[in-house]
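**Q** coordinates for the following, if possible.
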Amino acid sequence: MSTEILTALFFIICIISTIHAADEEITIDCKIGKVNYIFFNQLLSCTVYSKPNIVKRETKVTSICSGSTTGIRVFYALSKIIRYIPKNLDQVFPDLTGFRLENTQLKMVTKEDLQPFPELTMFASVSNHIEFLDEDLFMYNEKLQYVSFRANKISFIHPDVFNVVRGSLKQLYMDAQAINCGIGNPTTVTAIGNALDKLASSECTDIINAPALYTLWLELKGQVSGGGEDLQQCQTQLAEATAALTSASDNLLAVQTDLDSCTSNLEAITAQYDECMTNTTTVEDELAALETTLGEVSLTAANCCSAHPESCA
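**A** Residues are numbered from 1 along each chain as shown. All right, here's what the predicted structure looks like:
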């Protein structure tokens, strides 16, 4: 049987497998390639582009239609029916560190779904049907950096759901509100706090109160809104810090000027030294020539004395 026929049969089997993906075991048909994701450089991804129709909780992935799964970091599906995260993905994709499921009708995600992926750094469920986030959802995923649950149907979020990942989380998206966990300047802190406040004041009461970031925001907000004295003290400290920075900049400029002057002086001294060395070489050459001449004169005198001893008496 020719290679072309074997290849055609393989893809026919693959298509049949994906069409009947409601069965317990399926083969995923995906395009393998590098994709850019937020906070990450290009990652090798398995992008599902056929219709696996994963509608059963216990659906198990056994293979992909073509290509090697080695090095694939992200499982990405867009506008496909994947209502549950399939089983056995960790065996098919041993290097998987990210999920991005967008508009797939995903109904739920549990700690058991994510347990096989201790190296998980990204989990995004966008425009899906998730209704709740349990307390222990990420208990096996302490390295998560990016989490998104935008545009889901969430009605309950446990206040401690992000406790496990609060030390690693860099960005959290909830209902289109971005929360940057890398705080540095007051503007960023205010933006973070406002987003957190919007979450906490939505239909879910007490959404986020455990992460240290929210605690910090509440403390900062309390200091600013607690009275004019606190605000004035904060402004005074900021002014002092600004003045200190300006003074340090001036000192640095003065030091740079001194360094430039010192460098110029050093260059002048180096030039003088080079000239001195040149002169020394010239003097040494002249002294050597003089010694040669003196030797010649002494030899001539000795010869003269030998020829006319009476003149040397």
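**Q** and the helix or strand harbouring Val35, average pLDDT?
**A** Secondary structure from DSSP states H and E places Val35 in strand 30-37. Averaging pLDDT along strand 30-37 yields 87.
**Q** that one pairs with which strands?
**A** strand 40-48 (antiparallel) (DSSP bridges).
**Q** can you list contacts of the partner strand?
**A** 28-37, 64, 69, 71-78, 80, 82, 93, 97-98, 121-122, 146 (CB atoms under 8 Å, 6 or more residues apart in numbering). Yep, even glycine has a C-beta here, placed from its N, CA and C like the rest.
**Q** again, only this time at 6 Å
**A** 30-32, 34-36, 71-77, 80 (CB atoms under 6 Å, 6 or more residues apart in numbering).
**Q** that one: what's the following helix or strand?
**A** Next along from strand 40-48, by DSSP H and E: strand 60-64.
**Q** and Thr246, that one's in a helix?
**A** Yes: counting by DSSP: H, G, I helix; E, B strand; the rest coil, one finds Thr246 located in a helix.
**Q** if you average pLDDT over the helix or strand containing Thr280, what comes out?
**A** Taking DSSP H and E as the definition, Thr280 sits inside helix 228-307. Average pLDDT, helix 228-307: 76.
**Q** tell me the spacing between Ala244 and Gln256.
**A** Distance, Ala244 to Gln256, by CB to CB, to the nearest Å: 18 Å.
**Q** now, among the contacts of strand 40-48, which is nearest to Asp260?
**A** Asn36 (44.4 Å; CB to CB).
**Q** tell me how many other residues crowd the closest one.
**A** 9 (other CB atoms under 10 Å).
**Q** the residue nearest to it when sequence neighbours are not counted and Ala289: what is the separation?
**A** In space, and not counting its chain neighbours, Asn36 is closest to Gln42: 5.5 Å by CB to CB, 6 or more residues apart in numbering. From Gln42 across to Ala289, the span is 74 Å (CB to CB).
**Q** please apply the same query to Lys87.
**A** 98 Å.
**Q** between the two, who's got more neighbours?
**A** Using other CB under 10 Å, the more surrounded residue of Lys87 and Ala289 is Lys87, with 19 against 10.
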